[in-house]
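[1] dropping a prediction and its sequence here:
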Amino acid sequence: MTVSHEVRTDRHPLTADGSVELAVLDRSGFDESRHIGAGVVVDSAGAVVDSVGDATASIYPRSTMKPFQALAVRRAGALFSDEELVLTTASHAGTAAHQALALHMLESFDHVEADLGCPPDMPFDRATGRTMDGPRRLAMNCSGKHAGMLAACRVNGWDEATYLDIEHPMQQRVRSVVEEYTHETVDLVGTDGCGAPVFPLTLTGLARGFAGVVARADDDSAALTDAVLAHPWAIDGVGRANTVTIERLQVLAKLGAEGVMVMGLPGGAAVAVKVLDGSQRAGTLAALALLQRNGLVGADGVAEVLAATGEQVLGGGVPVGAVRVGSGLR
Ligand SMILES: NC(=O)C[C@H](N)C(=O)O
């Protein structure tokens, strides 16, 4: 990929003024909650084809940075099975199967759970959590990413205690992959919930980067995209939103904490959405609505994904409402 970094001098966060209504929760026929935010669709070349709100605003991509981190790990020579490759880009549910896969990744490079730099956490999957004595690093949604970074350190002889420092070769590799794919210069470094560096990116840059990954232009991005499509359970969890979206629509769907959602159609367009209040409730709905209104996914498939994964609005245990697409997306 040709690297032409766009130097940004106007990096600014998303605000209410830069947002539109993405979703509304209706309870018993009366609007109860509204989620505002911004979104952008780019074509396979990264050109903007549709946007709502301020798509030049920057956001922390959070776990939507994982495909770039996974590519950096792979390019550094840390090779895994296809399912393990998916786990390096996952915000996984932490089920027994996810934890076993993460443990196998660690053991393959002579690491142990305590080597992981991510904090101990309970799994997203509550049923699994009920079987555990307490939080552990393996169950943390980012454990596969961290196992991948540790493996890259082992392959290259890099220091393993400091792999989350921004000056560490692992993070410098991540930074250059992010710049290569998003065409933006990384000018700010934050710390993600898992302890890894995270870089503010414009919504447009994030979507462009995702379109680049799913373009499958080189062996590594092709391997990553194909592995996610073949093993969608590993990136999220059975019945969960990203997994169901990938299974039903064959798009690479990736959530980020604080209301970020990115989806890429292999060889085609990509969409990035940020829900301003950080809620995950509207992410899949808004991203799919943007793809649908551009004719990039079909209404039936969208309806199926939302029926299977959308939040239920219950009263006394029975459905009394729904979350619908907001006025800014119609
Ligand atoms: N799902 C996420 O975005 C998790 C994020 N990487 C964190 O550590 O908080």
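    That came through, no problem. Residues are numbered from 1 along each chain as shown.
[2] now the stretch 51-200 of the chain against the ligand: closest residue?
    Of all residues in the stretch 51-200 of the chain, residue 193 sits closest to the ligand, at 2.3 Å by Cβ to the nearest ligand atom. C-betas here are computed from N, CA, C, even on glycine.
[3] surely that residue is within a helix?
    No: assigned with DSSP: H, G, I helix; E, B strand; the rest coil, residue 193 falls outside any helix and is coil.
[4] relative to residue 278, how far out is it?
    As defined by Cβ to Cβ, to the nearest Å, residue 193 lies at a distance of 12 Å from residue 278.
[5] quick one: common contacting residues for the two?
    Here residue 193 and residue 278 have residue 257 as joint contacts, going by Cβ atoms under 8 Å, 6 or more residues apart in numbering.
[6] looking at the two, which is more packed in?
    For residue 193 versus residue 278, neighbours defined as other Cβ atoms under 10 Å are more numerous around residue 193 (17 against 13).
[7] next up, the contacts around the more buried one.
    62, 142, 257 are the contacts of residue 193 under Cβ under 8 Å, 6+ apart.
[8] leaving out sequence neighbours, find the closest residue to the first one.
    For residue 62, the nearest residue in space outside its immediate sequence neighbours is residue 256; the separation is 3.5 Å by Cβ to Cβ, 6 or more residues apart in numbering.
[9] near the ligand, which of the contacts of residue 193 show up?
    Contacts with the ligand are made by 62, 142, 257 out of those, judged by Cβ under 6 Å from any ligand atom.
[10] quick one: average pLDDT of stretch 71-84?
    Average pLDDT, stretch 71-84: 98.
[11] next, the buried residues of it.
    71, 72, 73, 74, 76, 78, 80, 83, 84 (16 or more other Cβ atoms under 10 Å).
[12] how about stretch 25-40?
    Applying 16+ other Cβ under 10 Å to stretch 25-40 flags 25, 35, 36, 37, 38, 39, 40 as buried.
[13] okay, residue 284: pLDDT?
    98.
[14] typo on my end, it should be residue 230
    pLDDT, residue 230: 98.
[15] and it, how many residues sit next to it?
    Counted with other Cβ under 10 Å, the neighbours of residue 230 add up to 13.
[16] so who does the nearest residue to it once chain neighbours are set aside touch?
    Spatially, and ignoring its direct neighbours in sequence, residue 230 is nearest to residue 82 (6.2 Å; Cβ to Cβ, 6+ apart). For residue 82, the contact set (Cβ under 8 Å, 6+ apart) comprises 223, 226, 227, 230, 231.
[17] return the members of those residues classed as buried.
    Using 16+ other Cβ under 10 Å, the buried ones in these are 223, 227, 231.
[18] tell me, how many neighbours does residue 281 end up with?
    18.
[19] next up, phi/psi of it, please.
    With angles defined as degrees, to the nearest 10, residue 281 sits at phi -60, psi -40.
[20] so it makes contact with residue 323?
    Yes: Residue 281 is within contact range of residue 323, at 6.3 Å (criterion: Cβ atoms under 8 Å).
[21] identify the contacts common to these two.
    With Cβ under 8 Å, 6+ apart, residue 281 and residue 323 have common neighbours 23, 25, 311.
[22] just the ones in helices from these, please.
    Among the shared contacts of residue 281 and residue 323, no member falls in helices (DSSP state H).
[23] assumed residue 305 was part of a helix.
    Yes: membership of residue 305 in a helix is supported by three-state DSSP.
[24] tell me the contacts of it?
    Neighbours of residue 305 in contact, by Cβ under 8 Å, 6+ apart: 241, 244, 245, 248, 249, 284, 288.
[25] quick one, strands of the protein?
    20-27, 30-42, 48-52, 58-59, 190-191, 197-198, 201-202, 252-256, 260-264, 270-275, 313-315, 318-325 (DSSP state E).
[26] select, out of those, the one closest to residue 136.
    Proximity to residue 136, assessed across those by Cβ to Cβ, is greatest for strand 190-191 (21.0 Å).
[27] each with direction, which strands does the closest one pair with?
    strand 197-198 (antiparallel) (DSSP bridges).
[28] what sits up against the partner strand?
    60-62, 65, 164, 166, 171, 174-175, 189-192.
[29] and it, does that touch the ligand?
    No: using Cβ under 6 Å from any ligand atom, strand 197-198 never reaches the ligand; the gap is at least 7.3 Å.
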